[in-house]
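Enquirer: One predicted model, sequence on top.
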Amino acid sequence: MAEIISVKELLAKPNLRIPLYQRPYKWSLKNVGQLLDDVLQHKGKSAYRLGTVVLHRDEAGLLNLVDGQQRTVTLGLIARALYERRSGEGDTRAFWPDLSQLRFTGPVSRENLQRNYQAIRRRIGAFDEATTRFFFEQCEVVLVVIDDLSEAFQFFDSQNARGKELAPHDLLKAFHLREMGHLPEPVRMAAVQPWQDADQQALARLFHDYLFRIRNWAKSRPARDFTRADVAVFKGANLQGPQTHPHERLHRMADVYVAGYRQHPDRQIDGQQLAYPFQLDQTVVNGQRFFELVTHYQAQVATLCHFKQLQDQLPETSTAHRILTALDQYEGCHRTGDQYVRTLFECALLYYVDRFGHHELCRAIEVLFVWAYRVRLELQSVRLASIDNHALQGVQMFQLIREALAPHEVLAAPLPLVVNAVASRVERLKELFKQLHYEVR
(Lines give C-alpha, C1' and ligand atoms only; values in the text may rest on other atoms or scores of the structure.)
Protein backbone atom coordinates (compact mmCIF):
# COMPACT_ATOMS: atom_id res chain seq x y z
CA MET A 1 0.00 0.00 0.00
CA ALA A 2 1.26 3.49 -0.87
CA GLU A 3 1.21 6.48 1.44
CA ILE A 4 2.53 10.01 1.28
CA ILE A 5 5.00 10.93 4.01
CA SER A 6 7.29 13.86 4.68
CA VAL A 7 11.08 13.79 4.39
CA LYS A 8 11.29 13.99 8.18
CA GLU A 9 8.99 10.97 8.60
CA LEU A 10 11.06 9.00 6.08
CA LEU A 11 14.38 9.78 7.73
CA ALA A 12 12.97 9.22 11.22
CA LYS A 13 12.43 5.54 10.49
CA PRO A 14 15.07 3.79 12.64
CA ASN A 15 15.29 0.64 10.56
CA LEU A 16 16.08 1.91 7.05
CA ARG A 17 18.83 -0.14 5.44
CA ILE A 18 20.76 -0.40 2.16
CA PRO A 19 20.43 -4.04 1.00
CA LEU A 20 23.39 -5.89 -0.45
CA TYR A 21 21.95 -6.03 -3.95
CA GLN A 22 21.88 -2.26 -4.32
CA ARG A 23 24.48 -0.47 -6.40
CA PRO A 24 26.99 1.97 -4.86
CA TYR A 25 26.02 5.54 -4.07
CA LYS A 26 26.74 7.34 -7.34
CA TRP A 27 24.88 10.63 -7.32
CA SER A 28 27.00 13.37 -8.86
CA LEU A 29 27.36 16.98 -7.74
CA LYS A 30 24.96 17.85 -10.56
CA ASN A 31 22.30 15.50 -9.13
CA VAL A 32 22.75 16.94 -5.65
CA GLY A 33 22.67 20.52 -6.93
CA GLN A 34 19.45 19.85 -8.85
CA LEU A 35 17.76 18.44 -5.74
CA LEU A 36 18.77 21.46 -3.65
CA ASP A 37 17.68 23.83 -6.43
CA ASP A 38 14.29 22.12 -6.59
CA VAL A 39 13.76 22.53 -2.85
CA LEU A 40 14.71 26.22 -2.94
CA GLN A 41 12.65 26.88 -6.05
CA HIS A 42 9.45 25.33 -4.67
CA LYS A 43 9.72 26.42 -1.03
CA GLY A 44 6.68 28.67 -1.36
CA LYS A 45 4.36 25.75 -2.12
CA SER A 46 2.20 23.98 0.43
CA ALA A 47 3.84 20.67 -0.54
CA TYR A 48 6.43 19.38 -3.02
CA ARG A 49 6.62 15.78 -4.19
CA LEU A 50 10.18 14.42 -4.52
CA GLY A 51 9.38 11.00 -5.96
CA THR A 52 8.73 7.43 -4.86
CA VAL A 53 10.57 5.29 -2.32
CA VAL A 54 9.99 1.53 -2.32
CA LEU A 55 10.96 -0.50 0.76
CA HIS A 56 11.02 -4.21 1.47
CA ARG A 57 10.19 -5.13 5.08
CA ASP A 58 12.11 -8.29 5.91
CA GLU A 59 11.51 -10.87 8.66
CA ALA A 60 13.65 -8.89 11.11
CA GLY A 61 11.54 -5.77 10.54
CA LEU A 62 14.29 -3.94 8.66
CA LEU A 63 13.17 -1.71 5.80
CA ASN A 64 15.41 -2.37 2.80
CA LEU A 65 15.59 0.36 0.17
CA VAL A 66 14.50 -1.22 -3.12
CA ASP A 67 13.95 1.94 -5.17
CA GLY A 68 14.84 5.55 -4.42
CA GLN A 69 18.11 4.73 -2.69
CA GLN A 70 20.19 7.54 -4.22
CA ARG A 71 17.64 10.24 -3.40
CA THR A 72 16.96 8.94 0.11
CA VAL A 73 20.66 8.87 1.01
CA THR A 74 21.10 12.41 -0.35
CA LEU A 75 18.10 13.63 1.67
CA GLY A 76 19.82 12.11 4.71
CA LEU A 77 23.01 14.02 3.91
CA ILE A 78 21.07 17.29 3.65
CA ALA A 79 19.33 16.58 6.97
CA ARG A 80 22.64 15.76 8.63
CA ALA A 81 24.22 18.99 7.34
CA LEU A 82 21.24 21.01 8.56
CA TYR A 83 21.50 19.39 11.99
CA GLU A 84 25.21 20.15 12.15
CA ARG A 85 24.61 23.81 11.35
CA ARG A 86 21.58 24.32 13.61
CA SER A 87 23.00 22.43 16.60
CA GLY A 88 26.17 24.47 16.23
CA GLU A 89 24.02 27.56 16.62
CA GLY A 90 22.54 26.16 19.85
CA ASP A 91 19.18 25.08 18.40
CA THR A 92 18.07 22.20 20.62
CA ARG A 93 15.12 21.44 18.31
CA ALA A 94 17.38 20.42 15.46
CA PHE A 95 16.32 17.11 13.87
CA TRP A 96 18.91 14.33 14.01
CA PRO A 97 18.43 11.75 11.22
CA ASP A 98 19.50 8.25 12.23
CA LEU A 99 21.51 7.06 9.24
CA SER A 100 23.38 4.31 11.04
CA GLN A 101 21.87 1.56 8.86
CA LEU A 102 22.52 3.41 5.59
CA ARG A 103 26.05 2.09 5.31
CA PHE A 104 28.24 1.69 2.24
CA THR A 105 31.57 -0.12 2.29
CA GLY A 106 32.88 0.41 -1.23
CA PRO A 107 35.41 3.15 -2.06
CA VAL A 108 33.20 4.63 -4.81
CA SER A 109 30.33 5.18 -2.38
CA ARG A 110 32.56 6.61 0.35
CA GLU A 111 34.20 9.05 -2.04
CA ASN A 112 30.86 10.25 -3.43
CA LEU A 113 29.33 10.56 0.04
CA GLN A 114 32.19 12.70 1.32
CA ARG A 115 32.28 14.89 -1.80
CA ASN A 116 28.51 15.44 -1.87
CA TYR A 117 28.30 16.13 1.86
CA GLN A 118 30.88 18.89 1.60
CA ALA A 119 28.99 20.38 -1.34
CA ILE A 120 25.75 20.30 0.65
CA ARG A 121 27.40 22.02 3.61
CA ARG A 122 28.40 24.84 1.28
CA ARG A 123 24.88 25.19 -0.11
CA ILE A 124 22.71 25.06 3.01
CA GLY A 125 23.57 28.63 3.91
CA ALA A 126 20.60 29.44 1.66
CA PHE A 127 18.27 27.49 3.98
CA ASP A 128 16.60 29.87 6.43
CA GLU A 129 14.16 28.71 9.12
CA ALA A 130 11.21 28.62 6.71
CA THR A 131 13.15 26.71 4.05
CA THR A 132 14.37 24.18 6.60
CA ARG A 133 10.83 23.60 7.83
CA PHE A 134 9.63 23.28 4.22
CA PHE A 135 12.34 20.68 3.49
CA PHE A 136 11.49 18.49 6.48
CA GLU A 137 7.71 18.86 6.67
CA GLN A 138 6.39 19.82 3.24
CA CYS A 139 8.76 17.97 0.91
CA GLU A 140 7.17 14.56 0.47
CA VAL A 141 7.72 11.12 -1.03
CA VAL A 142 5.32 8.38 -2.02
CA LEU A 143 6.22 5.44 0.20
CA VAL A 144 5.53 1.86 -0.92
CA VAL A 145 6.31 -0.99 1.51
CA ILE A 146 6.49 -4.56 0.18
CA ASP A 147 6.55 -7.55 2.54
CA ASP A 148 7.24 -10.32 0.01
CA LEU A 149 10.93 -10.66 -0.96
CA SER A 150 10.27 -12.12 -4.42
CA GLU A 151 7.84 -9.29 -5.15
CA ALA A 152 10.47 -6.78 -4.05
CA PHE A 153 13.05 -8.29 -6.40
CA GLN A 154 10.56 -8.37 -9.25
CA PHE A 155 9.90 -4.69 -8.66
CA PHE A 156 13.61 -3.97 -8.48
CA ASP A 157 14.33 -5.86 -11.72
CA SER A 158 11.40 -4.38 -13.65
CA GLN A 159 12.09 -0.80 -12.57
CA ASN A 160 15.77 -0.97 -13.45
CA ALA A 161 15.50 -3.10 -16.57
CA ARG A 162 13.34 -0.38 -18.12
CA GLY A 163 15.19 2.61 -16.75
CA LYS A 164 18.68 4.01 -16.83
CA GLU A 165 19.53 3.66 -13.18
CA LEU A 166 21.47 0.39 -13.15
CA ALA A 167 24.15 -1.01 -15.40
CA PRO A 168 23.76 -4.63 -16.55
CA HIS A 169 26.35 -5.88 -14.06
CA ASP A 170 24.45 -4.15 -11.22
CA LEU A 171 21.32 -6.10 -12.17
CA LEU A 172 23.39 -9.28 -12.11
CA LYS A 173 24.63 -8.49 -8.62
CA ALA A 174 21.03 -8.15 -7.44
CA PHE A 175 19.99 -11.41 -9.10
CA HIS A 176 22.85 -13.48 -7.68
CA LEU A 177 22.43 -12.06 -4.19
CA ARG A 178 18.82 -13.15 -4.36
CA GLU A 179 20.06 -16.64 -5.26
CA MET A 180 22.07 -16.57 -2.00
CA GLY A 181 19.03 -15.86 0.15
CA HIS A 182 19.42 -19.17 1.98
CA LEU A 183 22.90 -18.23 3.27
CA PRO A 184 23.66 -16.21 6.44
CA GLU A 185 24.23 -12.50 5.87
CA PRO A 186 27.96 -12.62 6.85
CA VAL A 187 28.52 -15.17 4.06
CA ARG A 188 26.66 -12.99 1.56
CA MET A 189 28.59 -9.94 2.71
CA ALA A 190 31.92 -11.73 2.28
CA ALA A 191 30.92 -12.92 -1.20
CA VAL A 192 29.91 -9.50 -2.47
CA GLN A 193 32.65 -7.44 -0.75
CA PRO A 194 35.26 -7.77 -3.56
CA TRP A 195 32.58 -6.60 -6.00
CA GLN A 196 31.77 -3.61 -3.79
CA ASP A 197 35.45 -2.71 -3.47
CA ALA A 198 36.18 -3.02 -7.20
CA ASP A 199 36.45 -0.11 -9.61
CA GLN A 200 32.94 -0.15 -11.06
CA GLN A 201 34.05 1.04 -14.49
CA ALA A 202 36.62 -1.75 -14.62
CA LEU A 203 33.91 -4.20 -13.57
CA ALA A 204 31.65 -2.96 -16.37
CA ARG A 205 34.52 -3.40 -18.86
CA LEU A 206 35.15 -6.93 -17.61
CA PHE A 207 31.63 -7.93 -18.58
CA HIS A 208 31.29 -5.79 -21.70
CA ASP A 209 34.71 -6.29 -23.29
CA TYR A 210 35.64 -9.79 -22.15
CA LEU A 211 33.17 -12.13 -20.45
CA PHE A 212 30.13 -11.34 -22.60
CA ARG A 213 32.04 -11.36 -25.88
CA ILE A 214 33.93 -14.58 -25.20
CA ARG A 215 30.80 -16.45 -24.11
CA ASN A 216 28.85 -15.28 -27.17
CA TRP A 217 31.61 -15.65 -29.76
CA ALA A 218 32.33 -19.16 -28.52
CA LYS A 219 28.72 -20.00 -29.42
CA SER A 220 28.91 -18.16 -32.78
CA ARG A 221 26.67 -15.37 -31.52
CA PRO A 222 27.20 -11.63 -32.08
CA ALA A 223 28.60 -9.71 -29.12
CA ARG A 224 28.94 -6.02 -29.87
CA ASP A 225 27.52 -4.46 -26.69
CA PHE A 226 26.51 -5.91 -23.33
CA THR A 227 23.14 -4.43 -22.37
CA ARG A 228 20.44 -5.07 -19.79
CA ALA A 229 18.75 -7.28 -22.38
CA ASP A 230 21.76 -9.63 -22.24
CA VAL A 231 22.01 -10.33 -18.50
CA ALA A 232 20.56 -13.83 -18.95
CA VAL A 233 23.95 -14.83 -20.44
CA PHE A 234 25.22 -14.82 -16.83
CA LYS A 235 22.28 -16.55 -15.17
CA GLY A 236 22.59 -20.30 -14.84
CA ALA A 237 22.09 -23.21 -12.48
CA ASN A 238 20.77 -22.85 -8.95
CA LEU A 239 22.37 -25.73 -7.07
CA GLN A 240 20.31 -25.19 -3.92
CA GLY A 241 17.09 -26.57 -5.34
CA PRO A 242 16.24 -30.22 -6.00
CA GLN A 243 18.46 -31.86 -8.60
CA THR A 244 16.28 -32.14 -11.67
CA HIS A 245 18.68 -32.12 -14.64
CA PRO A 246 21.64 -34.41 -15.33
CA HIS A 247 23.76 -31.53 -16.65
CA GLU A 248 23.87 -30.09 -13.11
CA ARG A 249 25.56 -33.14 -11.59
CA LEU A 250 29.11 -32.15 -12.48
CA HIS A 251 28.62 -28.66 -11.08
CA ARG A 252 27.06 -30.03 -7.89
CA MET A 253 29.99 -32.38 -7.40
CA ALA A 254 32.54 -29.59 -7.88
CA ASP A 255 30.57 -27.25 -5.63
CA VAL A 256 30.29 -29.77 -2.79
CA TYR A 257 33.93 -30.88 -3.08
CA VAL A 258 35.35 -27.33 -3.07
CA ALA A 259 33.14 -26.33 -0.13
CA GLY A 260 34.12 -29.44 1.81
CA TYR A 261 37.83 -28.93 1.14
CA ARG A 262 37.72 -25.30 2.29
CA GLN A 263 35.80 -26.13 5.47
CA HIS A 264 37.91 -29.14 6.47
CA PRO A 265 39.76 -28.69 9.81
CA ASP A 266 43.06 -29.44 8.06
CA ARG A 267 42.87 -26.03 6.35
CA GLN A 268 43.48 -24.43 9.76
CA ILE A 269 46.81 -26.25 9.80
CA ASP A 270 48.07 -26.25 6.21
CA GLY A 271 46.49 -22.95 5.11
CA GLN A 272 45.77 -24.38 1.66
CA GLN A 273 43.10 -22.95 -0.59
CA LEU A 274 41.23 -24.54 -3.46
CA ALA A 275 39.74 -22.39 -6.20
CA TYR A 276 36.58 -23.43 -7.94
CA PRO A 277 37.44 -24.80 -11.44
CA PHE A 278 35.91 -22.02 -13.50
CA GLN A 279 35.73 -22.02 -17.30
CA LEU A 280 34.69 -19.04 -19.39
CA ASP A 281 32.13 -21.02 -21.37
CA GLN A 282 30.73 -23.14 -18.55
CA THR A 283 27.21 -22.97 -17.20
CA VAL A 284 27.15 -20.16 -14.64
CA VAL A 285 26.51 -21.39 -11.10
CA ASN A 286 24.19 -18.88 -9.47
CA GLY A 287 24.92 -17.14 -6.20
CA GLN A 288 28.24 -17.32 -4.38
CA ARG A 289 30.10 -19.06 -7.22
CA PHE A 290 29.12 -16.27 -9.61
CA PHE A 291 30.86 -13.68 -7.42
CA GLU A 292 33.91 -15.96 -7.16
CA LEU A 293 33.89 -16.31 -10.95
CA VAL A 294 33.97 -12.53 -11.37
CA THR A 295 36.87 -12.16 -8.92
CA HIS A 296 38.73 -14.98 -10.70
CA TYR A 297 38.47 -13.37 -14.13
CA GLN A 298 39.29 -9.92 -12.81
CA ALA A 299 42.65 -11.39 -11.82
CA GLN A 300 43.04 -13.19 -15.16
CA VAL A 301 42.42 -10.02 -17.14
CA ALA A 302 44.80 -8.04 -14.95
CA THR A 303 47.56 -10.57 -15.66
CA LEU A 304 47.02 -11.35 -19.34
CA CYS A 305 45.76 -8.06 -20.73
CA HIS A 306 48.41 -5.85 -19.19
CA PHE A 307 51.19 -6.99 -21.45
CA LYS A 308 54.13 -5.85 -19.35
CA GLN A 309 53.17 -8.38 -16.67
CA LEU A 310 52.70 -11.12 -19.25
CA GLN A 311 56.03 -10.33 -20.92
CA ASP A 312 57.85 -11.13 -17.70
CA GLN A 313 56.78 -14.76 -18.22
CA LEU A 314 58.13 -14.94 -21.79
CA PRO A 315 61.71 -15.22 -23.12
CA GLU A 316 62.90 -11.75 -24.12
CA THR A 317 64.18 -13.06 -27.45
CA SER A 318 60.86 -14.71 -28.38
CA THR A 319 58.65 -13.46 -31.17
CA ALA A 320 55.74 -13.46 -28.71
CA HIS A 321 57.63 -10.97 -26.53
CA ARG A 322 58.20 -8.73 -29.58
CA ILE A 323 54.52 -8.96 -30.51
CA LEU A 324 53.34 -7.77 -27.10
CA THR A 325 55.88 -4.94 -27.15
CA ALA A 326 54.70 -3.85 -30.60
CA LEU A 327 51.03 -3.90 -29.62
CA ASP A 328 51.77 -1.35 -26.90
CA GLN A 329 53.95 0.83 -29.10
CA TYR A 330 53.07 0.82 -32.82
CA GLU A 331 52.10 4.18 -34.21
CA GLY A 332 48.35 3.70 -34.50
CA CYS A 333 47.81 1.58 -31.40
CA HIS A 334 45.70 4.16 -29.54
CA ARG A 335 43.12 4.70 -32.27
CA THR A 336 39.58 3.52 -31.45
CA GLY A 337 39.56 0.87 -34.16
CA ASP A 338 42.95 -0.45 -33.07
CA GLN A 339 41.67 -0.74 -29.52
CA TYR A 340 38.77 -2.83 -30.82
CA VAL A 341 41.25 -5.19 -32.47
CA ARG A 342 43.36 -5.35 -29.33
CA THR A 343 40.28 -6.38 -27.36
CA LEU A 344 39.61 -9.11 -29.92
CA PHE A 345 43.16 -10.40 -29.47
CA GLU A 346 42.95 -10.18 -25.68
CA CYS A 347 39.67 -12.09 -25.64
CA ALA A 348 41.15 -14.87 -27.76
CA LEU A 349 44.27 -15.04 -25.56
CA LEU A 350 42.20 -15.07 -22.38
CA TYR A 351 40.03 -17.88 -23.74
CA TYR A 352 43.05 -19.93 -24.84
CA VAL A 353 44.76 -19.64 -21.44
CA ASP A 354 41.48 -20.37 -19.69
CA ARG A 355 41.29 -23.67 -21.58
CA PHE A 356 44.93 -24.76 -21.91
CA GLY A 357 46.87 -22.72 -19.37
CA HIS A 358 50.33 -21.56 -20.49
CA HIS A 359 51.04 -24.62 -22.64
CA GLU A 360 52.58 -23.45 -25.93
CA LEU A 361 51.87 -19.86 -24.86
CA CYS A 362 54.46 -18.23 -27.12
CA ARG A 363 53.13 -20.03 -30.16
CA ALA A 364 49.56 -19.23 -29.14
CA ILE A 365 50.36 -15.52 -28.95
CA GLU A 366 51.79 -15.67 -32.47
CA VAL A 367 48.78 -17.48 -33.93
CA LEU A 368 46.20 -15.33 -32.17
CA PHE A 369 48.05 -12.16 -33.16
CA VAL A 370 48.01 -13.11 -36.84
CA TRP A 371 44.36 -14.15 -36.65
CA ALA A 372 43.17 -10.99 -34.86
CA TYR A 373 45.33 -8.31 -36.48
CA ARG A 374 44.72 -9.40 -40.06
CA VAL A 375 41.48 -7.42 -39.84
CA ARG A 376 43.50 -4.37 -38.80
CA LEU A 377 45.85 -4.60 -41.80
CA GLU A 378 43.12 -5.24 -44.36
CA LEU A 379 40.75 -2.43 -43.37
CA GLN A 380 41.30 1.31 -43.53
CA SER A 381 38.77 1.84 -40.76
CA VAL A 382 37.95 -0.72 -38.07
CA ARG A 383 34.59 -0.49 -36.36
CA LEU A 384 32.99 -2.54 -33.61
CA ALA A 385 31.05 -4.44 -36.27
CA SER A 386 34.37 -5.29 -37.96
CA ILE A 387 35.70 -7.33 -35.05
CA ASP A 388 32.30 -8.88 -34.36
CA ASN A 389 32.11 -10.09 -37.96
CA HIS A 390 35.73 -11.27 -37.89
CA ALA A 391 35.03 -13.39 -34.80
CA LEU A 392 32.03 -15.02 -36.48
CA GLN A 393 33.28 -15.51 -40.05
CA GLY A 394 36.16 -17.36 -41.70
CA VAL A 395 38.36 -19.02 -39.08
CA GLN A 396 36.04 -18.87 -36.07
CA MET A 397 38.78 -18.86 -33.46
CA PHE A 398 36.55 -18.84 -30.41
CA GLN A 399 34.52 -21.81 -31.58
CA LEU A 400 37.77 -23.56 -32.47
CA ILE A 401 39.17 -23.02 -28.96
CA ARG A 402 35.91 -24.19 -27.43
CA GLU A 403 35.93 -27.47 -29.35
CA ALA A 404 39.68 -28.15 -29.12
CA LEU A 405 40.91 -30.84 -26.76
CA ALA A 406 44.61 -29.96 -27.06
CA PRO A 407 46.60 -26.81 -27.90
CA HIS A 408 47.83 -28.12 -31.26
CA GLU A 409 44.26 -28.10 -32.59
CA VAL A 410 44.23 -24.31 -32.13
CA LEU A 411 47.82 -23.70 -33.17
CA ALA A 412 47.31 -25.53 -36.46
CA ALA A 413 44.44 -23.25 -37.51
CA PRO A 414 44.61 -22.54 -41.28
CA LEU A 415 45.16 -18.79 -41.18
CA PRO A 416 45.01 -16.99 -44.54
CA LEU A 417 47.65 -14.54 -45.71
CA VAL A 418 46.95 -10.84 -45.73
CA VAL A 419 45.55 -10.08 -49.17
CA ASN A 420 45.74 -6.31 -49.29
CA ALA A 421 47.23 -4.29 -46.44
CA VAL A 422 45.57 -0.89 -46.79
CA ALA A 423 45.79 0.30 -43.17
CA SER A 424 48.02 3.25 -42.28
CA ARG A 425 50.38 3.66 -39.31
CA VAL A 426 50.83 -0.10 -38.89
CA GLU A 427 54.33 -0.64 -40.31
CA ARG A 428 55.52 -2.41 -37.19
CA LEU A 429 52.65 -4.89 -37.48
CA LYS A 430 53.47 -5.54 -41.13
CA GLU A 431 57.04 -6.40 -40.20
CA LEU A 432 55.82 -8.93 -37.64
CA PHE A 433 53.53 -10.55 -40.20
CA LYS A 434 56.51 -10.94 -42.55
CA GLN A 435 58.64 -12.46 -39.80
CA LEU A 436 55.87 -14.98 -39.12
CA HIS A 437 55.67 -15.82 -42.86
CA TYR A 438 52.22 -14.39 -43.34
CA GLU A 439 53.75 -12.00 -45.86
CA VAL A 440 51.80 -8.93 -46.78
CA ARG A 441 51.16 -8.98 -50.52
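Expert: That came in fine, so what should we check first?

Enquirer: ok but Arg103 is inside a helix, no?
Expert: No: according to DSSP: H, G, I helix; E, B strand; the rest coil, Arg103 belongs to no helix; its state is coil.

Enquirer: leaving aside the residues next to it on the chain, what's closest to it?
Expert: Ile18 (6.5 Å; C-beta to C-beta, 6 or more residues apart in numbering). (Glycine included, C-beta is placed from N, CA and C.)

Enquirer: Quickly note the distance from that neighbour to Phe433.
Expert: Applying C-beta to C-beta, to the nearest Å, the value for Ile18 to Phe433 is 53 Å.

Enquirer: same question, Leu11
Expert: 65 Å.

Enquirer: again, but for Asn216
Expert: As for Asn216, its distance to Phe433 is 28 Å (criterion: C-beta to C-beta).

Enquirer: how about low-confidence regions in this protein?
Expert: Scanning the chain for pLDDT under 70 picks out 1, 87-94, 100-101, 149-165, 243-244, 440-441.

Enquirer: how about stretch 319-326: buried residues?
Expert: 319-324, 326 (16 or more other C-beta atoms under 10 Å).

Enquirer: what distance separates it from the middle of the whole chain?
Expert: Computed by C-alpha atoms, centre = their mean, to the nearest Å, the chain-centroid distance of stretch 319-326 equals 30 Å.

Enquirer: Please apply the same query to stretch 119-132.
Expert: 36 Å.

Enquirer: contacting residues around it?
Expert: Outside stretch 119-132, the residues that touch it by C-beta atoms under 8 Å, 6 or more residues apart in numbering are 29, 32-33, 36, 39-40, 43, 77-78, 81-82, 84-86, 135.

Enquirer: which one of those has the most neighbours?
Expert: With neighbours defined as other C-beta atoms under 10 Å, the most crowded of the contacts of stretch 119-132 is Ile78; it has 27 neighbours.

Enquirer: and the helix or strand hosting that residue, what does it pack onto?
Expert: In this structure, Ile78 sits in helix 69-88 according to DSSP states H and E. Helix 69-88 sits against helix 7-11, helix 29-41, strand 48-57, helix 107-123, with contacts defined as 3 or more C-beta pairs under 8 Å, 6 or more residues apart in numbering; DSSP states H and E.

Enquirer: of all those, which lies closest to Phe234?
Expert: Of all those, it is helix 107-123 that lies closest to Phe234, at 21.3 Å by C-beta to C-beta.

Enquirer: tilt between that closest one and helix 69-88?
Expert: Put simply, helix 107-123 runs at 50 degrees to helix 69-88, going by axes from the mean of the first three to the mean of the last three C-alpha atoms, to 10 degrees.

Enquirer: Burial check on Ala364, number of neighbours?
Expert: 21.

Enquirer: that older thread, contacting residues for the residue nearest to Arg103?
Expert: Neighbour list for Ile18: 64-65, 69, 73, 101-104 [criterion: C-beta under 8 Å, 6+ apart].

Enquirer: Show the residue spans covered by the strands in the chain.
Expert: With DSSP state E as the criterion, the chain has strands at 2-6, 16-17, 48-57, 63-67, 139-146.

Enquirer: Let's have those strands in JSON lines, adding mean neighbour count and distance to Leu379.
Expert: Below are the strands of the chain laid out as JSON lines (neighbours: other C-beta atoms under 10 Å; distance: least, C-beta to C-beta, whole Å):
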{"stretch": "strand 2-6", "mean neighbour count": "13", "distance to Leu379": "56"}
{"stretch": "strand 16-17", "mean neighbour count": "22", "distance to Leu379": "53"}
{"stretch": "strand 48-57", "mean neighbour count": "18", "distance to Leu379": "48"}
{"stretch": "strand 63-67", "mean neighbour count": "22", "distance to Leu379": "45"}
{"stretch": "strand 139-146", "mean neighbour count": "19", "distance to Leu379": "52"}
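
Enquirer: Tell me which of the ones you listed sits nearest to His359.
Expert: strand 63-67 (48.0 Å).

Enquirer: Would you mind listing the residues in contact with the closest residue to Arg115 other than its chain neighbours?
Expert: Spatially, and ignoring its direct neighbours in sequence, Arg115 is nearest to Leu29 (7.0 Å; C-beta to C-beta, 6+ apart). Neighbour list for Leu29: 115-116, 119 [criterion: C-beta under 8 Å, 6+ apart].
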